[in-house]
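K.L.:
have a look at this fold, sequence not included:
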């Protein structure tokens, strides 16, 4: 049985990011009580640009806590990394990462069931968040991008909850493998034909 741990649950409100004319919900803070999760994500969590953030296919953003050590080594003194939530994640998870998560995985957290929908493709607002001009590109190229889930069964989630893998229909297609295809701009017809057989979100289907 594959299990992981929800290290922290985070939500955020829309607020200016870097300059007054840019709004974002990326500034997430730990919840101090269990949080309800429905088809559009966590209660009290907000996204400023619903054209590219949020929605059923991007209801919950997960990020591996263990990546913080690598980022702190690469970006010494970066204040954004002082606290969990630097990448705008809703769930900071321990024990899994992009290598250990596959497309269409289903994970149960109590009554809540999440299905892995796609990897994250960071937008330019991450550059403002970190004060680093190419931070979004760095995150994408590192393959430490995080991943999104849709909500199959609503429920509540809290820090220290256990995540249990209950279904893995595509064990050969990890998030890391798919993110690497994007990074390397892999266009081989055999590989792409196989990818297009996967249950991709509309945006990722267009991309591939």
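P.N.:
On my side now, so go ahead. Everything numeric here is computed off the predicted structure, so don't read it as measured data.
K.L.:
list the buried ones in stretch 87-95?
P.N.:
In terms of neighbour count (16 or more other Cβ atoms under 10 Å), stretch 87-95 has its buried residues at 87, 88, 89, 90, 91, 92, 93, 95. All C-beta atoms are positioned from the backbone trio N, CA, C, and that covers glycine.
K.L.:
do stretch 70-85 as well
P.N.:
Under 16+ other Cβ under 10 Å, the buried positions of stretch 70-85 are 71, 80, 81, 84, 85.
K.L.:
in three-state terms, how would the fourth one be classified?
P.N.:
For residue 84, the secondary-structure state derived from DSSP: H, G, I helix; E, B strand; the rest coil is coil.
K.L.:
per-residue pLDDT, it?
P.N.:
At residue 84, the model reports a pLDDT of 95.
K.L.:
isn't it right next to residue 65, touching?
P.N.:
Yes. The pair residue 84 / residue 65 is scored as a contact, 6.8 Å apart, by Cβ atoms under 8 Å.
K.L.:
anything in contact with each of the two?
P.N.:
7, 8, 92 (Cβ atoms under 8 Å, 6 or more residues apart in numbering).
K.L.:
now do the SS call for the last one.
P.N.:
Secondary structure, three-state DSSP: residue 92 is strand.
K.L.:
what is the burial count for residue 13?
P.N.:
12 (other Cβ atoms under 10 Å).
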